[in-house]
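# Sequence first, predicted model second:
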Amino acid sequence: MGFLGFPVQAIRPDRTIIMRLLTRPEGRGHRREETWMKKASAACMLALAVAIAPSLAPAEEDELFVVQQTQGAPTVSLGGTVVPYKEVTLAAQLPGRVTYIAGREGDAFKDGKLLLAIDDEELLANRRALLAQMASADAQLRNAGVQYNREIFSPRSRASPGGMGLPNLFDQMFTRPVESFIGDREHRAELSADLFASGIQIQEARNVILRLQAELQALDSKIRDARSIAPFDGVIVKKFVEVGDTVQPGQPLLKYADVEYLQVEVDVPARLRRGLREGQMVRAELDPTNRRVPVRVAQIFPMADPKRHTVKIKFDLPQGVSAPGMYAKVLVPDVNTPSRSHPVIPSSAVRYNGSLPGVYVVDGDSEPQLRLIRVGEELSGGFITVLSGLRAGERVLVDPGARVSAGWAKGTAADR
């Protein structure tokens with residue numbers, strides 16, 4: 001489209017040119033007057049053309065994009081959850097009252113730090129009583145050892161029955177020798193029996209000490225269970241109790257996790273499992289900004305869910321791009337579907353009126369025409385695939401402004 005032999009897009013509002021054309025020439029004469037009138041008329045028409053030029057000018061070449069064609073294996077978007085690399089739930093192992101909590105949600109701790117403690121005064125009292133019993137058992141063991149040694153060096157079988165004066169002397173001189181002579185008494189058998197009895201006393205004392213040591217070990221284990229220790233470097237994710245609460249065995253106390261390294265946990269349909277392998281790189285979209293990041297297949301669980309027929313797969317996320325519990329979508333390649341080609345356009349070219357996506361296609365007359373399309377997946381670099389509505393080679397406006405219209409109701413500023 002042109003005006004007075006000039007292309008419309010070349011017309012610019014140059015006030016100097018217009019004023020120069022409107023300047024009345026000096027002197028008289030019919031020819032000069034006629035020339036001035038022509039120049040004045042041309043200047044007025046030029047000003048009018050400048051005023052209407054913005055609405056008539058076609059889109060410039062740098063505002064147009066020629067629809068390209070891409071080809072590749074289709075992908076399936078699967079929703080998942082961002083989870084910590086390591087996460088544990090610390091539960092109560094014995095009943096009691098919570099006396100100490102190291103911090104609140106978000107506080108970081110090193111490996112081996114005390115996180116929570118339950119009242120253990122009763123356990124400590126039982127431990128002191130057990131130590132006293134162990135001391136008594138040790139004394140009994142030492143006494144049994146002394147009695148055994150005495151039996152070796154001074155056997156009771158050789159001692160007199162007791163008494164004083166003539167009865168004792170008569171036993172030593174007549175009764176014992178006669179018993180030995182006629183065979184009614186065997187001193188060596190008595191000595192062996194006494195030594196065996198003393199040895200049994202020693203063994204029993206040792207067994208008592210071993211039993212008390214086992215009880216002490218079990219008690220120390222309970223005392224240890226009254227204190228929740230950080231198993232690795234991490235943060236408190238969630239608290240289930242507060243100081244002063246009374247807890248029972250099995251009740252959750254804290255949720256503790258390593259949030260430095262995160263993963264996306266996705267239940268992948270069994271038919272898509274064949275297209276993934278450990279170490280493979282795919283893409284993921286993070287909520288809520290739909291930011292695309294590369295993720296790596298970290299772990300593929302060996303068994304599928306028998307009810308849902310899905311396989312749990314974990315993907316490693318780059319550091320610092322998300323937070324635990326957030327929603328994420330992983331683009332999994334579908335190797336069961338043949339490769340298809342789709343047109344590709346910039347994401348800025350798509351305009352939404354409500355939920356209907358559309359683009360402005362520039363025809364041969366350089367007039368934008370609205371066309372509804374079906375959008376596919378987003379690509380890197382700010383591009384998006386089109387499932388239907390466009391063909392490769394067509395031209396679309398890269399970023400249609402607010403004044404571009406083709407009979408379609410204009411959306412709000414948020415829609416554009």
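Okay, I see it.
# use CA for all of it now, contacts and neighbours both
Fine.
# I'd say Asp225 and Leu94 touch.
Yes: using C-alpha atoms under 8 Å, Asp225 is in contact with Leu94, at 7.3 Å.
# low-scoring stretches of this protein, by residue?
Confidence mapping of the chain against pLDDT under 70 gives the ranges 1-62, 71-73, 156-187, 338-340, 380, 402-403, 405-416.
# can you list the domain ranges for it.
By the assignment in automatic domain parsing, the chain contains the domains 2-56, 61-72+339-397, 76-86+259-333, 120-225.
# And the ones you listed: which comes nearest Gly250?
domain 120-225 (11.7 Å; C-alpha to C-alpha).
# What is the end-to-end distance of the closest one?
In domain 120-225, first residue to last residue: 10 Å (C-alpha to C-alpha, to the nearest Å).
# Burial check on Leu294, number of neighbours?
One thing to correct before we go on: residue 294 is Pro, not Leu. 14 (other C-alpha atoms under 10 Å).
# ignore the last one, Gly250
What Gly250 shows, counting by other C-alpha under 10 Å, is a neighbour count of 12.
# Next one: it relative to Ala226, how far apart?
Computed as C-alpha to C-alpha, the Gly250 to Ala226 distance reads 12 Å.
# any residues in contact with both of those two?
92-94 (C-alpha atoms under 8 Å, 6 or more residues apart in numbering).
# now for the domains of the chain, which one comes closest to Asp107?
The nearest among those, by C-alpha to C-alpha, is domain 76-86+259-333 at 11.4 Å.
# Just the terminal-to-terminal distance for the closest one.
End-to-end for domain 76-86+259-333, by C-alpha to C-alpha: 6 Å.
# Same question for stretch 374-394.
End residues of stretch 374-394 are separated by 16 Å (C-alpha to C-alpha).
# May I see the buried residues of it?
By neighbour count with 16 or more other C-alpha atoms under 10 Å, stretch 374-394 contains the buried residues 375, 378, 384-387, 390-391.
# Now intersect those with the strands, please.
Judged by DSSP state E, those include 375, 378, 384-387 as members of strands.
# now, among those, which is nearest to Thr99?
Distances from Thr99 to these, taken by C-alpha to C-alpha, are shortest for Glu378, at 52.8 Å.
# isn't Arg97 right next to Thr246, touching?
Yes: using C-alpha under 8 Å, Arg97 makes contact with Thr246 at a distance of 4.3 Å.
# Okay, buried residues for stretch 217-233 please.
219, 222-223, 225-233.
# Over to stretch 328-346?
328-335, 342-346.
# Buried ones in stretch 297-315, by neighbour count?
297-300, 304, 310-315.
# what separates that stretch from the chain centre, distance-wise?
Distance of stretch 297-315 from the chain centroid (C-alpha atoms, centre = their mean, to the nearest Å) equals 17 Å.
# which residues touch that stretch?
Against stretch 297-315 from outside (C-alpha under 8 Å, 6+ apart): 263-270, 273, 276-282, 295-296, 316.
# Show me which of those residues are buried.
The neighbour-count criterion (16+ other C-alpha under 10 Å) marks 263-269, 273, 276, 281-282, 295-296, 316 among these as buried.
# Can you identify each of the helices in the stretch 51-200 of the chain by residue range?
121-153, 166-170, 176-182, 187-225 (DSSP state H, counting those that start in this stretch).
# returning to that earlier point: so which of the shared contacts of Gly250 and Ala226 wins on neighbours?
For the shared contacts of Gly250 and Ala226, neighbours tallied by other C-alpha under 10 Å; top is Ala92, 23 neighbours.
# didn't that residue look like it was pressed against Thr246?
No: using C-alpha under 8 Å, Ala92 makes no contact with Thr246, being 10.2 Å away.
# still on that earlier bit, list the ones among the buried residues of stretch 297-315 that fall in strands.
Short answer: the buried residues of stretch 297-315 in strands (DSSP E) are 297-300, 310-315.
# Taking those, tell me the two that lie furthest apart.
Ala298 and Thr310 (16.9 Å).
# re the thing from before, and of the shared contacts of Gly250 and Ala226, the nearest to Phe109?
Ala92 (19.8 Å).
# contacting residues around that closest one?
225-226, 247-253.
# Val295 too?
Val295 makes contacts with 281-284, 315-318, as judged by C-alpha under 8 Å, 6+ apart.
# in which helix or strand would I find the closest residue in space to Thr89 that isn't next to it in sequence?
Spatial nearest neighbour of Thr89, excluding adjacent residues (C-alpha to C-alpha, 6 or more residues apart in numbering): Lys255 at 4.4 Å. If you go by DSSP states H and E, Lys255 is part of strand 252-269.
# quick one on the thing from earlier: quick one: which of the domains of the chain is nearest Arg104?
Across those, closest to Arg104 is domain 76-86+259-333 (C-alpha to C-alpha), at 15.3 Å.
# can you tell me how far Asp316 sits from Gly79?
According to C-alpha to C-alpha, Asp316 and Gly79 sit 15 Å apart.
# Then Arg296?
16 Å.
# and if you look at Pro333?
14 Å.
# State the number of residues packed around Val396.
For Val396, the count of nearby residues is 27 (other C-alpha under 10 Å).
# Run through who's touching the helix or strand harbouring His342.
Element membership for His342 (DSSP H and E) is strand 340-346. With C-alpha under 8 Å, 6+ apart as the test, strand 340-346 has contacts from 65-74, 382-387, 390-392, 398.
# Repeat that for stretch 228-236.
90, 103-117, 254-260.
# ok, Leu94 touching Lys222?
Yes: using C-alpha under 8 Å, Leu94 makes contact with Lys222 at a distance of 7.4 Å.
# Write down the beta-bridge partners of Pro357, one by one.
Tyr352 (DSSP bridges).
# for it, what are its contacts?
Contacts of Pro357 (C-alpha under 8 Å, 6+ apart): 350-351, 372-375.
# and with 10 Å instead?
Pro357 makes contact with 349-351, 371-375 under the criterion C-alpha atoms under 10 Å, 6 or more residues apart in numbering.
# would you turn the ones in strands among the buried residues of stretch 374-394 into a markdown table with distance to Asn207?
As requested, these are exported to a markdown table (distance: C-alpha to C-alpha, whole Å):
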| residue | distance to Asn207 |
| --- | --- |
| Val375 | 80 |
| Glu378 | 75 |
| Ile384 | 79 |
| Thr385 | 80 |
| Val386 | 82 |
| Leu387 | 82 |
